[in-house]
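Engineer: Sequence first, predicted coordinates after that:
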Amino acid sequence: MELTRDEIYKTAHLARLAISETDVAKYVIELSKTMTLIANLEQADTTSVSVMAHPLNQVQRLRADVVTEVDQRDYLQKLAPKVEAGLYLVPQVIE
């Protein structure tokens, strides 16, 4: 897919990029090559390809879901200045 100078300028404008006149020819060639590659990839048959979350067939090892900490809620709430119904009360910060 061959891009034009106008398309390069329009894309640069949309991306809020400044491009010098000398660089436009280089961008036309490079971005045209990229668009051709994308067009070729779109033609590849992927109907028999299964969706994967990871390229390697691995399973994530997870630790057992077991409580390892001691419940200190009552102790910590005794230290708080104000507590109500198990919640910490703090001064209002938004009017």
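Structural biologist: Now that the structure is in, tell me what you want to look at. Numbers count the residues shown, from 1 in each chain.
Engineer: elements contacting the longest helix anywhere in the chain?
Structural biologist: The longest helix of the chain (DSSP state H) is helix 21-42. In this structure, helix 21-42 packs against helix 5-14, with contacts taken as 3 or more C-beta pairs under 8 Å, 6 or more residues apart in numbering; DSSP states H and E. To be clear about C-beta, it is placed using only N, CA and C from the backbone, and glycine gets the same treatment.
Engineer: quick one, phi psi at the residue located most distally from the centre of the chain?
Structural biologist: Ranked by distance from the centre of the chain (C-alpha atoms, centre = their mean), the top residue is Lys78, with 42.1 Å. Backbone torsions of Lys78, given as degrees, to the nearest 10, read phi -70, psi -30.
Engineer: Report the mean confidence score over stretch 63-81.
Structural biologist: The average of the pLDDT scores along stretch 63-81 is 93.
Engineer: Hey, what's the angle from the longest helix of the chain to helix 5-14? Just curious.
Structural biologist: Calculated by axes from the mean of the first three to the mean of the last three C-alpha atoms, to 10 degrees, helix 21-42 forms an angle of 90 degrees with helix 5-14.
Engineer: List the contacts of helix 21-42.
Structural biologist: Residues outside helix 21-42 that contact it (C-beta atoms under 8 Å, 6 or more residues apart in numbering): Met1, Glu2, Leu3, Thr4, Arg5, Ile8, Tyr9, Thr11, Ile19.
Engineer: Centre-most residue in this structure?
Structural biologist: In the chain, the residue lying closest to the centroid (C-alpha atoms, centre = their mean) is Ala53, at 15.0 Å.
Engineer: mind checking pLDDT for that one?
Structural biologist: Confidence score, pLDDT, at Ala53: 77.
Engineer: got it, and Ala15?
Structural biologist: With respect to pLDDT, Ala15 scores 95.
Engineer: just the one 4 residues further on next, same as before
Structural biologist: Note on Ile19: pLDDT of 92.
Engineer: Likewise for Asp23?
Structural biologist: What the model reports for Asp23 is a pLDDT of 92.
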